[in-house]
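Colleague: for reference, the sequence and a predicted model appear below.
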Amino acid sequence: MLDVGGGPGYFREAFGRAGARYVSVDSDLGELSARGRPEPGTVMGSGMALPIRDEAVDVCYSSNVLEHVPDPWAMAEEMLRVTRPGGVVFLSFTVWLSPWGGHETAPWHYLGGEAAARRYASRHGHDPKNRYGTSLFPVSVSDALLWARHTPNGELLEAFPRYHPWWARGVVRVPGLRELATWNLAVVLRRR
């Protein structure tokens with residue numbers, strides 16, 4: 001299984017206990033070495049141009065990375081490309097219009113990403129880690145569903161609010177409300 005944007009392997013142990021051979025790809029050397037020396041099976045590379053051959057993995061996973069790349073749907077297509085037919089792609093992201101969309105600048109991101117970053121810097125004396133337009137991009141539930149329903153390379157199995165109880169899953173079907181209430185969207189696809 002491949003963890004896209006997995007840093008030093010935050011999910012390595014959990015996937016290992018499930019019997020998976022784990023490989024992590026991240027574009028940030030600081031993230032890759034956040035726990036010390038990178039583990040074997042850790043690769044430096046971009047999620048938008050994965051350094052992995054076509055149809056190489058059974059599961060391709062990405063947790064809270066999509067909002068950090070300038071072309072999220074290129075990354076999503078790359079995840080499908082490296083997954084074997086019949087394999088599963090799981091990706092989740094923080095929805096921009098949710099209360100946490102601005103990450104550490106939330107909820108001030110509602111006034112605009114740059115305004116939120118300026119406010120953060122004035123209050124904390126340094127820039128936020130996640131800069132709008134540089135390392136944080138607005139991704140919506142609507143765009144994710146549009147991509148997932150129309151990609152020729154995958155079949156949408158499910159889309160749901162990742163951290164909500166099961167009974168709140170229907171919020172994803174309500175335009176407008178879903179952008180505010182979903183907070184974090186999980187999208188599960190099967191590779192065609």
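Modeller: Alright, I've got the coordinates.
Colleague: poorly predicted segments of this protein, please.
Modeller: For the chain, no stretch is flagged by pLDDT under 70.
Colleague: now do the strands in it.
Modeller: 2-4, 23-26, 42-44, 57-63, 83-94, 154-161, 184-191 (DSSP state E).
Colleague: deepest of these, which one?
Modeller: Ranked by mean neighbour count under mean count of other C-beta atoms under 10 Å, the strands of the chain are led by strand 2-4, which reaches a mean of 27. In this view, the C-beta of every residue, glycine as well, is placed from N, C-alpha and C.
Colleague: to residue 114, which of the strands of the chain lies closest?
Modeller: Residue 114 sits nearest to strand 83-94 of all the strands of the chain, at 18.4 Å, using C-beta to C-beta.
Colleague: in terms of secondary structure, what does the closest one contact?
Modeller: Applying 3 or more C-beta pairs under 8 Å, 6 or more residues apart in numbering; DSSP states H and E, one finds that strand 83-94 contacts strand 57-63, helix 72-81, strand 184-191.
Colleague: leaving out sequence neighbours, find the closest residue to residue 70.
Modeller: Ranked by C-beta to C-beta, 6 or more residues apart in numbering and with sequence neighbours excluded, the top spatial neighbour of residue 70 is residue 137, at 5.9 Å.
Colleague: ok, the one you found touching residue 72?
Modeller: Yes: using C-beta atoms under 8 Å as the test, residue 137 is close enough to residue 72 to be in contact (7.0 Å).
Colleague: ok, these two, which is more surrounded?
Modeller: Neighbour totals were compared for residue 137 and residue 72, and residue 72 leads with 24 against 18 (other C-beta atoms under 10 Å).
Colleague: contacts only, for the nearest residue to that one once chain neighbours are set aside.
Modeller: Using C-beta to C-beta, 6+ apart and skipping the chain neighbours, the partner closest in space to residue 72 is residue 66 (4.5 Å). Counting by C-beta atoms under 8 Å, 6 or more residues apart in numbering, residue 66 touches 72, 75-76, 91-93, 139, 144.
Colleague: same question for residue 116.
Modeller: Counted by C-beta under 8 Å, 6+ apart, residue 116 has contacts 102, 105-106, 108-110, 128, 132.
Colleague: just flag the most distant two among those.
Modeller: Farthest-apart pair in the contacts of residue 116 is 110 and 128; separation 15.1 Å (C-beta to C-beta).
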